[in-house]
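> Starting from these lines, generate the structure:
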Amino acid sequence: MRLLRHEWLDLARKLDWSYSYVQERSVFPEAISGRPWLEQAAWEDWDEPYRTSFGEYVSAQHEKEASIVAVREAVGRVGDFARHDRAWLSALKLHGATLPLAEFAAVIGNLRAARFGRDGAWRTMAALGALDELRHTQIPLAVLHDLVAWDAQFDFTHRLFHTDGWVAIAARHFADELLLGSNPVEFAVATNFVFETGFTNLQFVGLSAVAHAVGDRMFEKMVQSIQTDEARHAQIGGPVLRKLCEHDHAYAQFLVDKWFWRSFHFFAVVTGFAMDYLTPLPHRKQSFREFMDEWVLGQFERTLREYGLARPYYWDEFLASLDYYHHQAYASAYTYRATMWFDFTLPGPEERAWLAEKYPQSWPEFAPVWERISARWQAAGPDVEWFTHGVTPIGFCSLCQFPLCAGTPRRNAARVVEHEGRRLIFCSEPCRHFFEQEPERYAAHETVVERILAGKAPANLIALVRDYFGLSEDLWGKDAVHGRYDWLAGGAAPGSAE
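Numbering: from 1, shown residues only. Below you'll find the model as predicted:
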């Protein structure tokens with residue numbers, strides 16, 4: 001007799017064993033499985049809301065793949081991308097380079113949970129999650145591969161994490177700890193709960209909407225297809241966090257606090273740049289701050305209350321940084337754009353008016369920065385890139401590895417700490433705090449400046465960019481129109497042919 005789905009699925013998803021010849025602690029050692037270590041019986045009520053069988057999973061994924069192929073054939077060729085504004089292409093290069101190989105690292109994190117997760121249903125979901133993440137690696141690599149011959153900067157879709165540029169160092173530092181160095185409990189809270197149920201909405205909902213407005217149907221379809229997977233395996237995090245709250249509430253709060261802060265810094269660069277600077281002005285519907293308010297903050301606060309957790313202790317500092325951090329990071333990156341693999345745009349009068357409207361509290365502090373950069377372009381004339389470029393390496397945070405861009409233009413938020421004979425600099429109090437909670441995780445890591453001082457990297461900026469960051473002149477970032485803006489004397493309109 002053939003069983004109906006509801007008659008066999010629960011039996012199939014809850015496959016656990018009683019061990020007769022080995023101790024359970026040997027099968028699931030705490031160092032690998034995570035803490036607090038609980039006996040199997042304590043995990044029996046672990047339950048995921050969205051249940052699927054392997055057959056259903058394969059069928060659904062096949063349909064998604066067919067849809068991706070169809071859209072790629074219709075609007076995913078070089079000619080389709082060539083029609084887009086140069087600034088939007090830079091947003092694609094930034095997204096494409098920072099996520100695919102991080103997704104591949106997430107394959108490893110999910111596979112660890114597929115072996116050492118403490119419940120059979122959890123392990124099954126993690127195994128499907130590993131297949132999801134492998135798919136998320138392959139899609140952007142496949143879609144953007146054809147563009148490399150047309151624009152070599154797209155090669156960083158695969159290449160970035162294999163280089164030692166400062167963004168690569170920061171992204172690797174974040175992804176390695178999050179996805180490769182975490183046990184299944186921390187991975188579930190940090191990745192499945194904090195990262196995937198909140199911050200990935202910035203990419204897969206926010207940037208998807210922006211791509212639709214821009215007319216980039218291929219990118220829109222790509223991120224939407226990925227998001228449908230994220231929504232399924234993200235549900236692993238909630239049941240694990242609930243169990244953690246029951247048995248070690250303080251540890252649960254610590255993990256949420258740390259990974260929310262670390263995730264924010266990553267997405268402030270990856271998504272903040274794209275939403276507020278690299279999306280063509282006519283297509284900007286929401287600012288990065290507005291999207292964070294709508295899609296991350298409200299949902300995150302509600303979810304924390306459901307689990308009996310408090311907002312992170314630095315919440316007020318975080319809210320303030322929404323108006324400052326990514327603006328300071330973008331200004332720093334523009335000034336040192338040759339250290340990047342994509343091109344930048346100089347905000348003109350209309351863009352600055354839009355930013356002033358969206359960020360009325362903070363933008364008056366940033367306007368003079370761009371006025372000074374604009375004045376240097378006017379003094380130098382178009383095509384003189386280095387006249388508006390920094391010449392000495394900037395400082396980086398000893399925890400997050402991003403530039404020292406916390407605080408405001410008027411208030412330096414950096415913290416200096418002596419640790420075992422080393423003088424460490426942190427961009428903010430939370431980065432200092434999380435370092436001091438787990439120094440064994442971070443103390444051995446060297447920032448770009450420390451590598452220069454140790455003789456491991458050249459101090460000369462050109463040599464650093466070429467020899468250490470792996471960026472030849474045809475690859476390194478420039479002003480998108482080389483200063484030929486219509487609102488600068490003698491320039492051509494942004495986006496026009498040179």
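
> tell me which element residue 211 falls in.
helix 208-214 (DSSP states H and E).

> Now do that helix: which elements does it pack against?
Here helix 208-214 touches helix 217-233, going by 3 or more CB pairs under 8 Å, 6 or more residues apart in numbering; DSSP states H and E. (Each C-beta comes from the backbone N, C-alpha and C, glycine too.)

> if we look at the helix it packs on, which residues are touching it?
50, 52, 64, 67-68, 71-72, 74-76, 80-81, 92, 95, 110, 125-126, 128-129, 132, 135-136, 139-140, 143, 192, 196, 200, 203-205, 207-208, 211-212 (CB atoms under 8 Å, 6 or more residues apart in numbering).

> switch the cut-off to 7 Å
Helix 217-233 is contacted from outside by 50, 64, 67-68, 71-72, 75-76, 80, 92, 125, 128-129, 132, 135-136, 139-140, 143, 192, 196, 200, 203-205, 207-208, 211-212, using CB atoms under 7 Å, 6 or more residues apart in numbering.

> Could you give me the ChimeraX syntax to select whichever of these are buried?
To isolate the buried members of those in ChimeraX, using 16 or more other CB atoms under 10 Å:
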select :64,68,71,72,75,76,92,125,128,129,132,135,136,139,140,143,192,196,200,203,204,205,207,208,211,212
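
> Filter the contacts of helix 217-233 down to the ones in helices?
64, 67-68, 71-72, 75, 80, 92, 125, 128-129, 132, 135-136, 139-140, 143, 200, 208, 211-212 (DSSP state H).

> Am I right that residue 143 is in contact with residue 76?
Yes - contact criterion CB atoms under 7 Å: residue 143 and residue 76 qualify, at 5.9 Å.

> May I see the buried residues of stretch 434-442?
434-435, 442.

> Distance across it, terminal residue to terminal residue?
9 Å (CA to CA, to the nearest Å).

> Show the average pLDDT along that stretch.
For stretch 434-442, mean pLDDT rounds to 96.

> Leaving aside the residues adjacent along the chain, what's closest to residue 377?
Of all residues not flanking residue 377 in the chain, residue 483 sits nearest, at 4.6 Å (CB to CB, 6 or more residues apart in numbering).

> what about the one you found, which SS state?
Secondary structure, DSSP: H, G, I helix; E, B strand; the rest coil: residue 483 is coil.

> Wait, it touches residue 378, no?
No - look at residue 483 against residue 378 with CB under 7 Å: they stay out of range, at 8.7 Å.

> the more surrounded of these two?
More neighbours surround residue 483 than the other of residue 483 and residue 378, with 24 against 16 (other CB atoms under 10 Å).

> Phi and psi next, for that one.
phi 80, psi 10 (degrees, to the nearest 10).

> Tell me where the chain has strands.
415-419, 422-426 (DSSP state E).

> And the last one, how far out from the chain middle?
So that's strand 422-426. Put simply, strand 422-426 sits 25 Å off its chain's centre (CA atoms, centre = their mean, to the nearest Å).

> what's the angle between that strand and strand 415-419?
150 degrees (axes from the mean of the first three to the mean of the last three CA atoms, to 10 degrees).

> Pull out the buried residues from strand 422-426.
424-426.

> What are the neighbouring residues in contact with residue 260?
Here residue 260 is in contact with 194, 312 (CB under 7 Å, 6+ apart).

> Equivalent analysis for residue 312, please.
Contacts of residue 312 by CB under 7 Å, 6+ apart are 256-257, 260-261, 318.

> 10 Å - rerun?
By CB atoms under 10 Å, 6 or more residues apart in numbering, the contact set of residue 312 is 253-254, 256-261, 264, 300, 304, 318, 430.

> out of those residues, which is most surrounded?
residue 430 (27 neighbours).

> I'd assumed residue 259 was in contact with that one.
No - if you go by CB atoms under 10 Å, residue 430 and residue 259 don't touch, sitting 11.6 Å apart.

> from memory residue 240 sits against residue 182, does it?
No - at 11.8 Å, residue 240 and residue 182 do not qualify as touching, with contact defined as CB under 10 Å.

> ok, residue 124 - how many residues close by?
22.

> Now do it against residue 158, distance only.
30 Å (CB to CB, to the nearest Å).
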